[in-house]
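Engineer: Mind looking at a prediction? Sequence and model below.
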Amino acid sequence: MRKSFLLVAVALLLVLSAAVPALAQDAKPDLLIWADNTRVPALTPIVEQFSEEFGVTVQVQEIGMGDIRSNITVAGPAGEGPDVFVAASDWVGELVQNGAIIPIDLGDIASEFTAASLNLFTYNGELYAMPYSADNVAFFRNPDLVPDAPATWDDVKAITEELVSSGKSKYGYMIQTNDPYHYFPIMSAFGGYIFGQDDQGNYTSQDVGIDSEGSIAAGEWLKSMADQGFLVPAVGYNEMHDMFERGEAAMIMTGPWALNRIRTSGVKYAISDIPAGPAGVGKPLVGGNGFMISAYIDDNRRLVAESFLLDFMAAEEPMKAMYDADPRAPAFIKTLEALEDADLQAFQHAGEVGVPMPQIPEMTSVWGAWGNAEQFVITGELSPAEAFKNAAEQIRTLIAGGDVPVALPSAGGDAPPADGPQTVSIPGSLQAAVGCAADWAPDCDKTQLLYSANSDVWMNTFTVPAGDFEYKVAMNNSWDENYGGAADLDGANVKLSLAEETSVLFIYDNKTNWVADNVNRLILSVPGSFQSKIGCSADWAPDCLRSWLQDPDGDGVYVFMTVAIPAGDYEAKVAANLSWDLNYGVDGKENGDNLKFTVPADGTEVTFSFDSASKVLTISTGS
C-alpha cells in the first residue's frame, strides 16, 4: 500500500484535530463510508487496519445500493451523508448533474486499472470514481452441440437452423426477451447504437440511435429468427438458463454473475467473443462498480478520503477482498491477472471492444421503449422499422420532458380477463435501479407484469442490482388498488434484499391477491394428472401456476385449494421454480414417487398443503 500521500493527509488531520476540543463520543468519524451488504464484510477489516495503522476513525455504514443512490443528495447537504460510497457506473451522469460527487485524480496509478473500467466512470473528460470491478456479457455455447465458436450472427442463425432441423437441440440460439441489455451486442454488430458521442467522446442525448439504420438491420435479423420459430416470445433470465442447462438451447449470452449457476449445473460450456455482423464484432455494454467521493465533504476529510482510496485501497490485497465479496472481473490489473480464471479472462477479452454503459441522466428514458421494441419484433406485432422508430420517438419525447402512453408488447402474455385488472405492476424503491424514471411509480412500463392465461397469474422477471429494496403490487397503473406481501389491501411493503445483481421473478395471483418473488419465497407448484382439468394446457406441467402453492402468512406451509377437479383418481407431486430440476414426492423425498389421491365427487374441495421444512405434501379431499 502506498503511504506517502496518506501520511501527509493523516498527519494534517491529526494536527487539525489537536487544535479543537475533544469530540463527543457519537461524533462523525474521520471518514464515513456507505456500502451495501455485499461489500460491507469485505470493507470492514480493511478500514479497521487503516484505522489502527494511522490513528483515524473510519466507519462503514451498511446502506442498500438503491438507497445510496436516492439518499446521497439528501443526506449530503444535511451533513449526514458519507465521505466515500460504493456506486454503479451508470449513476455518474445523474450524480454529476446533481452536484453530488467530485472528480478523482488517480495520477500515476491510473495505469494499474483496466482502461475499460476507467472509461466507465469518466464523464465530460473527468474521472469520478476509483473503479474496482467491470463486467460485460459474452457468448456461451455448448461445445457438444456447437464445437466451434460462430464468427458471425449469420453463422449463429445457420447453426440454429441445423440444430433444430436435425433434432439435436430444441432451440439453437436463445435470447432473453424484452431485455435490451442482452440485445445490445447484436444491435452493435449491425451498426446500431444507443446515443451518439460528441467530439470529446461524451454521450449526447441529441443523437438517439435506437432507430438508426444499423439498429433496424439488427431488428431484421431478430425478426428472421423469430419468423422461423427459433425465438420464444417470453423468456426471462431463469428460463433462458434452464434451456441452456437442459441442452434445449445451444447458445446464449450472459455475464459472469451466471458462472456459479452454470458451473453447478454440470452442463458443458465454452465462452467466446460476441459474433460479428456487418459493422464488425458485437460490442457488449460494459458496467462496473467503484468508489466515489461526495461533493459535500470538506477539504480535510477529502484528503483522508483520497488517501484511503489511492494509497490504501489501490492494492492487491484489498482489491482481492472486494472480488471475493462480489466475484466480478476486477478493475485492478494485478488482481485480475492473479486470478488465473480462464472464464473471467474470456469475459475480459469479449469486453475489450465493449461500449461503456451510457452514464448520462437521459439513459433512464431509454430502457422501457427499447425493450418493448425488441419484444414487438419477436412477437411479430410490429415490423423492425415500425418498432424501433416508435421506440426512438418515445425516447426523444421523454427526454424532452413529455409524456408517452404505456404501450406494452404481448411478450407472450395474454389478454387479461375483462372483469379483472388490465395492468399489474411492481412499484417500489427498486424501480429507478431497473430503468424507471422514479421509484414508487405504478405506471412505469419497466416493472409491468404480464398476464398468463395458462397459469391465470401475472408474472415477469426483472434484473435488480444488489441492495435493499421494498415493493408492493398495484393494479391499473395507479395506487387505487394495491396489495402488500400478506395479500392485504393497502398492506405493508415487501422487503427485498439482494447480495448481488439478481434476476427476480415476481408473481401475482388476482384470485388471492398474493404477490411473491423467488428470493423471499419458494415458487412451488403441484404438477399432476389433474392439471388439464383445472385449465392448464397440459398435465404434469410444473410451469402452470393454476396449481400454485401459496404462503401469504409466511408460516412456511404453502397451500393450494380447488373445487375444479372432477371425480376420479389422480397423481401429483411438488415442483420448485417452474421446472422438474427440484421436485418432491411421497414422504418429502427428492425425486420421489408420485402421491396418489381420489376425488370422490365433482365439486369436492381438494387441498394441497406443502410443509417447506419437511418437504412433505399432504392432499386432503372434502371436509
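Structural biologist: Right, received. Where do you want to start?
Engineer: Number of residues surrounding the residue lying closest to residue 582 once chain neighbours are set aside?
Structural biologist: Residue nearest to residue 582 in three dimensions, not counting chain neighbours: residue 576, with 4.2 Å by CB to CB, 6 or more residues apart in numbering. The C-beta positions use only the backbone N, C-alpha and C, and glycine is treated the same way. For residue 576, the count of nearby residues is 19 (other CB atoms under 10 Å).
Engineer: same check, this time on the one 3 residues further on
Structural biologist: Burial measure for residue 579: 17 neighbouring residues, criterion other CB under 10 Å.
Engineer: mind listing what the residue nearest to residue 582 touches?
Structural biologist: Contacts here follow CB atoms under 8 Å, 6 or more residues apart in numbering; on that basis residue 576 touches 522, 523, 524, 582, 583.
Engineer: what pLDDT does it get?
Structural biologist: On pLDDT, residue 576 comes in at 91.
Engineer: swap in residue 144?
Structural biologist: For residue 144, the predicted pLDDT is 97.
Engineer: Look at it and tell me its secondary structure.
Structural biologist: Under the three-state scheme (DSSP: H, G, I helix; E, B strand; the rest coil), residue 144 adopts coil.
Engineer: isn't it right up against residue 268?
Structural biologist: Yes: if you go by CB atoms under 8 Å, residue 144 and residue 268 touch, sitting 5.5 Å apart.
Engineer: and which of the contacts of residue 576 is nearest residue 280?
Structural biologist: residue 523 (41.1 Å; CB to CB).
Engineer: Identify the residues contacting the closest one.
Structural biologist: 505, 507, 516, 576, 577, 578.
Engineer: Among these, which are located in strands?
Structural biologist: 505, 507, 516, 576 (DSSP state E).
Engineer: can I assume the second one is in contact with residue 456?
Structural biologist: No: the pair residue 507 and residue 456 fails to qualify as a contact (CB under 8 Å) at a distance of 11.1 Å.
Engineer: Which neighbours do these two have in common?
Structural biologist: Common neighbours of residue 507 and residue 456 (CB under 8 Å, 6+ apart) are residue 545.
Engineer: Which of the two has more residues huddled nearby?
Structural biologist: residue 507 (24 against 21).
Engineer: thinking again about what came up before, of the ones in strands among the contacts of residue 523, just say which sits nearest to residue 608.
Structural biologist: With CB to CB as the yardstick, the closest approach to residue 608 among the ones in strands among the contacts of residue 523 comes from residue 576, at 14.3 Å.
Engineer: give me every residue that touches residue 569.
Structural biologist: 596, 597, 598.
Engineer: Where does the prediction get shaky in the stretch 301-450 of the chain?
Structural biologist: 403-413 (pLDDT under 70).
Engineer: And the helices in it, which stretches?
Structural biologist: With helices called from DSSP state H, counting those that start in this stretch, the stretch 301-450 of the chain shows them at 316-325, 333-339, 342-351, 367-379, 384-399.
Engineer: Give me the residues contacting the last one.
Structural biologist: With contacts defined as CB under 8 Å, 6+ apart, helix 384-399 is touched by 205, 208, 210-211, 215-216, 218-220, 222-223, 362, 365-366, 369-370, 372-374, 376-377, 381-382, 403-404, 437.
Engineer: any idea of the angle that helix forms with helix 367-379?
Structural biologist: With axes from the mean of the first three to the mean of the last three CA atoms, to 10 degrees applied, the angle from helix 384-399 to helix 367-379 works out at 170 degrees.
Engineer: Give the buried residues for helix 384-399.
Structural biologist: Of the residues in helix 384-399, those with enough neighbours to count as buried (16 or more other CB atoms under 10 Å) are 384, 386-392, 394-396, 398-399.
Engineer: Equivalent analysis for the shortest one, please.
Structural biologist: For helix 333-339, the neighbour count (16+ other CB under 10 Å) marks 333, 335, 336, 339 as buried.
Engineer: Adding distance to residue 475, write these out as JSON lines.
Structural biologist: What follows is the buried residues of helix 333-339, written out as JSON lines (distance: CB to CB, whole Å):
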{"residue": "333", "distance to residue 475": "51"}
{"residue": "335", "distance to residue 475": "48"}
{"residue": "336", "distance to residue 475": "48"}
{"residue": "339", "distance to residue 475": "48"}
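Engineer: tell me which of these is nearest to residue 58?
Structural biologist: Taking the buried residues of helix 333-339 together and measuring to residue 58 by CB to CB, the closest member is residue 335, at 21.8 Å.
Engineer: The closest one is in contact with residue 320, isn't it?
Structural biologist: Yes: Residue 335 lies in contact with residue 320 (CB under 8 Å); the separation is 5.3 Å.
Engineer: Counting neighbours, which bits of stretch 50-67 end up buried?
Structural biologist: 50-51, 54, 56, 58-60, 62-67.
Engineer: What helix or strand is residue 271 located in?
Structural biologist: strand 270-272 (DSSP states H and E).
Engineer: Is residue 287 part of a helix or strand, or is it coil?
Structural biologist: When the rule is three-state DSSP, residue 287 gets the label strand.
Engineer: Determine the number of other residues adjacent to the nearest residue to it once chain neighbours are set aside.
Structural biologist: Nearest residue to residue 287, sequence neighbours excluded (CB to CB, 6+ apart): residue 357, at 4.6 Å. Residues lying near residue 357 (other CB under 10 Å) number 22.
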